[in-house]
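K.L.:
here you go, sequence then predicted model.
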Amino acid sequence: MTQQEACIARAIYWEARGTSEAGQRAVAEVIWNRVNHPSFPKTPCAVVYQQRNRTCQFSWVCTDARNVTPRNSPAWQNAVRIARQPPGDLTNGALFFQARRYRGRWRHLEEVAQIDDHIFYAIRR
């Protein structure tokens, strides 16, 4: 597994391991959408570990999980498998997501998809 695949797999694992395969793919898509957007870093690892104003873009990065490689479990193997696959378009180009339970209001974003317990957003056009 490459370093970039490992970064995507960690994000999938920590953000979406309890969701469906579509939910896990959607997290990987957000990472790739950011890589391909001019406002974000140009590699998956840089996207995953990016901080803005001392706030982590992926919540687990600001915890002890940041440096933990998940143990070899079915959930980790699944995250690795998904990380190795090319992105699709389940999220309609989303650059952000949040757990449904937080349901914050972001005026500059529009909701573009809901998959499992996550809501996905793109920059309002």
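P.N.:
Great, that's in hand.

K.L.:
which parts of this protein are helices?
P.N.:
3-16, 21-35, 44-48, 74-83 (DSSP state H).

K.L.:
out of the ones you listed, which is closest to residue 68?
P.N.:
Comparing these by their distance to residue 68 (C-beta to C-beta), the top pick is helix 3-16, with 8.4 Å. Glycine gets a C-beta too; all of them are placed from N, C-alpha and C.

K.L.:
tell me what the closest one is packed against?
P.N.:
helix 21-35, helix 44-48, helix 74-83 (3 or more C-beta pairs under 8 Å, 6 or more residues apart in numbering; DSSP states H and E).

K.L.:
residue 97: which of these is closest?
P.N.:
Of all those, helix 21-35 sits nearest to residue 97, with 5.6 Å by C-beta to C-beta.

K.L.:
contact partners of that closest one?
P.N.:
Outside helix 21-35, the residues that touch it by C-beta atoms under 8 Å, 6 or more residues apart in numbering are 7-8, 11-12, 15-17, 40-44, 47-48, 78-79, 82-83, 85, 87-91, 93-97, 113, 115-118, 120.

K.L.:
what is the neighbour count of the residue lying closest to residue 7 once chain neighbours are set aside?
P.N.:
Spatial nearest neighbour of residue 7, excluding adjacent residues (C-beta to C-beta, 6 or more residues apart in numbering): residue 45 at 3.9 Å. If you count neighbours by other C-beta atoms under 10 Å, residue 45 ends up with 19.

K.L.:
mind listing what the lowest-mean-pLDDT helix or strand in the chain pairs with, with the direction of each?
P.N.:
Lowest mean confidence among the helices and strands of the chain (mean pLDDT, DSSP states H and E): strand 51-52, at a mean of 88. Note on strand 51-52: by DSSP bridges, its sheet partners are strand 55-56 (antiparallel).

K.L.:
PyMOL command to pick out the buried ones of the contacts of helix 21-35?
P.N.:
Written as a PyMOL command, the selection of buried residues from the contacts of helix 21-35, which uses 16 or more other C-beta atoms under 10 Å, is:
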select buried, resi 7+8+11+12+15+16+17+40+44+47+48+78+79+82+83+87+90+91+93+94+95+96+97+113+115+116+118+120
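
K.L.:
hang on, the earlier thing: can I assume the residue nearest to residue 7 is in contact with residue 9?
P.N.:
No - look at residue 45 against residue 9 with C-beta atoms under 8 Å: they stay out of range, at 11.1 Å.
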